[in-house]
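Undergrad: When you get a sec, could you give me coordinates for this:
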Amino acid sequence: MAEKALKELLQAPANKLCADCGERNPRFASVTFGVFLCNRCFGVHRGMGTHISRTRSVNLDRWTDEQLQAMQRGGNAAAALLWEATLPPGERASPEADDWTREKFIRAKYEKKVWCAAGPPHPQGGRGQQQGP
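TA: Below is the predicted model of the structure:
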């Protein structure tokens, strides 16, 4: 059941691209942030530790109902509104970015919250407007 739901979530236009670099066909996720990731960005998230970003493979891992619900509440489009609210054009990591540039961008985005929207605490971390009920 989780596999079918994840495949449906991956059909949303924003979820067809990595939330951090824009690489096509992401196959990993950060449940903490509710985003879909490419293999290279997944590696950075994993390296940050589970206290910052809990990651899963879309195809290989078993998903709990709670993890699936976190992804259904999130998604790349909603996450971009929160985590990239003030990101200047051209500062986003690209699919071709080297490992250092990619890691620097991801850590600035999620750990330092450099471009995060102002507002009340978000249920998945950081600041920003809470989405939905």
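
Undergrad: What distance do you get for the closest residue to residue 59 other than its chain neighbours to residue 7?
TA: Ranked by C-beta to C-beta, 6 or more residues apart in numbering and with sequence neighbours excluded, the top spatial neighbour of residue 59 is residue 27, at 6.1 Å. To be clear about C-beta, it is placed using only N, CA and C from the backbone, and glycine gets the same treatment. Between residue 27 and residue 7 the computed distance is 11 Å (C-beta to C-beta, to the nearest Å).

Undergrad: Likewise for residue 102?
TA: Distance from residue 102 to residue 7, by C-beta to C-beta: 26 Å.

Undergrad: can you check residue 96 too?
TA: For residue 96, the distance to residue 7 (C-beta to C-beta) stands at 27 Å.

Undergrad: Residue 56 too?
TA: 14 Å.

Undergrad: residues near the closest residue to residue 63 other than its chain neighbours, how many?
TA: Spatial nearest neighbour of residue 63, chain neighbours left out: residue 2 (3.9 Å); criterion: C-beta to C-beta, 6+ apart. If you count neighbours by other C-beta atoms under 10 Å, residue 2 ends up with 16.
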